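>>> attaching a predicted model along with its sequence, questions to come.
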Amino acid sequence: MGYVSAVPPPRTDTDAEAPETRGGRRSVAVALLLGTLGSTVVLLASGRVWARGTTAMGGDSLALTADGRAVTGLPAALAIVGLAALVAVFAVRGKGRLLVSALLALSGLGAGLVAVFGADGRRALDAEAARTTADTAAQAVGLTQTAWPVVTAAGAALILAAGLLALRFGRGWPAMGGRYERDGSPRTRKPAAVDPDRPEDLWKALDRGEDPTR
């Protein structure tokens, strides 16, 4: 008759860290997708027409438009900063990664706030009216806004989400050109081939701390 031990087998570090490791790997892909997609959306939407209006010219009404970059260049600039921060997250470790992740999140937050609260477009349309009519006193009337500022804010929200993921899971993400693999073990170097008939190869192996007889 056999006996079954009531003592469970010891848990290894791999078993304990497996869910967190899997979550960290998924978060890398999600953060890259959100950050890249959000920055692309902000850059594209910033080049679209944000505001429309009209101005008087010779008794006629002249249509005016202003794109996002004419209204405010901050969302596009912050999207570029966000892209750079997204790449830099994988180039640094420790506190540096935390700071870069915070910069990524702040880039998205700033771009969203500017798109929502700074998309009036009146200054840009007035400047366009003055340029088109060659009259510095010309002003735009009938101001309307398009949906592109909202699209820009949505893209900025994706950048913000990528930054928050980096802040939450970034400590476990791999680094570019790191000395260690994802499991934390050091990479082993394959010993260089040693020709026993060449004394210089034997001395080089000894200098590297290798056994030239192996």
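Received it, and whenever you're ready, just let me know what you need.
>>> could you export stretch 85-94 as CSV, CA atoms only?
Provided in CSV are the C-alpha atoms of stretch 85-94 (Å, rounded to 0.1, in the frame of the first residue of the first chain):
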residue,chain,number,x,y,z
ALA,A,85,10.1,58.5,-24.4
LEU,A,86,8.5,55.3,-25.6
VAL,A,87,11.7,54.2,-27.2
ALA,A,88,13.8,55.4,-24.3
VAL,A,89,11.9,53.3,-21.8
PHE,A,90,13.6,50.2,-23.2
ALA,A,91,17.1,51.9,-23.2
VAL,A,92,17.3,52.7,-19.5
ARG,A,93,16.7,50.9,-16.2
GLY,A,94,15.9,51.7,-12.6
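>>> can you list contacts of it?
Defining contact as C-beta atoms under 8 Å, 6 or more residues apart in numbering, one finds that stretch 85-94 is touched by 31-32, 35-36, 39, 97, 100-101, 103-104, 107, 162-163, 166, 170, 173-178. In this view, the C-beta of every residue, glycine as well, is placed from N, C-alpha and C.
>>> try it again with 7 Å
With contacts defined as C-beta atoms under 7 Å, 6 or more residues apart in numbering, stretch 85-94 is touched by 35, 97, 100-101, 103-104, 107, 162, 166, 170, 173, 175-176.
>>> quick check, M57 in contact with T133.
Yes. Between M57 and T133 there is a contact under C-beta atoms under 7 Å: 4.9 Å.
>>> of these two, which one has the most company?
A direct count of neighbours by other C-beta atoms under 10 Å for M57 and T133 places T133 higher, at 17 against 14.
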